[in-house]
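Colleague: Pasting a predicted model and its sequence here:
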Amino acid sequence: MQSSAEINEIAAALAAAQGVIKNPEKTRVNPHFKSKYADLASGLDCIRPALSANGIAIVQATSIDRDGVVLTTRLVHMSGQYLGCVYPVAAASADHQKLGAALTYAKRQALFSLVGVCGDDDLDGEDSKGNGLKEALITEAQVTELRAKIEACDADEQKFLRYLRVGSLTSLPATEFARAMAALDAKGVKQ
C-alpha cells in the first residue's frame, strides 16, 4: 500500500464515504467460474458519488516497468493526502485488446480493494469446500498426462492417490496438478 506521509484527513473522509457506499450489483457472469461480478462501470457508479462528496478523487494510471504494464490506483483527498496501490496488469504486449481487458480487470480489483467494496462472488477455499461451490478439477487431458507419467515412472497409482489425498485422478483439484506432476518428476522415469 502506498500513502502520503500523513493520512488522517483522507482516512476520515474515506471512513465517511464507506458509511454510505453500497456494494455494486453483480450483474455480469464469469462463464469460467460460473460466478457473478460487478463490472467497473457499475462499481464506479456506486463509488464516485460518495468519494466525491467527501473530497476524494480516483486516479488510475498505467506505466511500464521491466515486468510489463503496471496500474497505479490512488484515492486523492482535497488536502493532498492519498492512499494507493500498485497492481501488475500484464506483460507488455502488442495485443491491445487483451491488454485492455487485463487493464479493466486490474482497475476494478484495485479500486474495489482500496474503497472496501465487494464486487465478486466469494470463491475462497472455504466456500469451494463447504458451501456448495465446486472446486475446479483437472481436465481429461491432464488425467491422461498424469496416467502416462505414472506408467513411465513405474509408480503405484493407488499409493500415489493416497499421497495426493484423493480417491481418483479425476477428483484431483486443478490447483494440485502441478504438485502431482512435480512429485512424479522427482520419482523419475523407469530405466
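Modeller: Right, received. Where do you want to start? As the structure is a prediction and not an experimental result, all values here were calculated from the model. Numbering: from 1, shown residues only.
Colleague: Can you work out which other helices and strands pack against the longest helix seen in the chain?
Modeller: Looking across the chain with DSSP state H, the single longest helix is helix 96-115. The criterion is 3 or more C-beta pairs under 8 Å, 6 or more residues apart in numbering; DSSP states H and E, and the helices and strands that helix 96-115 contacts are helix 8-18, helix 40-53, strand 56-65, strand 68-77, strand 82-90. For every residue, glycine as well, the C-beta is placed using N, CA and C.
Colleague: who's the spatially closest residue to V86 that is not a sequence neighbour bridged to?
Modeller: Leaving aside its sequence neighbours, V86 sits nearest to T72 (C-beta to C-beta, 6 or more residues apart in numbering; 5.3 Å). Here T72 shows beta-bridge partners A61, V86, assigned using DSSP bridges.
Colleague: Chain neighbours aside, what residue packs nearest to G43?
Modeller: Among residues not flanking G43 along the chain, P24 sits closest, at 4.5 Å (C-beta to C-beta, 6+ apart).
Colleague: Could you chop this structure up by domain?
Modeller: The domain map for the chain lists 2-126, 136-187, with the assignment taken from automatic domain parsing.
Colleague: Report the central residue of the protein.
Modeller: Among the residues of the chain, the one closest to the centroid is Q109, at 7.6 Å (C-alpha atoms, centre = their mean).
Colleague: Find the nearest non-adjacent residue to it, please.
Modeller: Y87 (6.6 Å).
Colleague: before we move on, the earlier item: just say which of the helices and strands packed on helix 96-115 is most tucked in.
Modeller: With neighbours defined by mean count of other C-beta atoms under 10 Å, none of the helices and strands packed on helix 96-115 is more surrounded on average than strand 68-77, at a mean of 19.
Colleague: Using CSV, write down the CA coordinates of it.
Modeller: This file holds the C-alpha atoms of strand 68-77, laid out as CSV (Å, rounded to 0.1, in the frame of the first residue of the first chain):
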residue,chain,number,x,y,z
GLY,A,68,5.3,-5.1,-18.1
VAL,A,69,2.3,-2.9,-17.6
VAL,A,70,1.5,-1.7,-14.1
LEU,A,71,-1.6,0.1,-12.8
THR,A,72,-1.3,2.6,-10.0
THR,A,73,-4.5,3.5,-8.3
ARG,A,74,-4.8,6.4,-5.9
LEU,A,75,-7.5,7.9,-3.8
VAL,A,76,-6.5,11.5,-3.5
HIS,A,77,-8.1,13.8,-0.9
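Colleague: circling back: list the contacts for the residue nearest to G43?
Modeller: Taking C-beta atoms under 8 Å, 6 or more residues apart in numbering as the criterion, P24 is in contact with A38, S42, G43, D45, C46, I47, V117, G119.
Colleague: same question, Q18
Modeller: Under the criterion of C-beta under 8 Å, 6+ apart, the contact partners of Q18 comprise A50, V115, G116.
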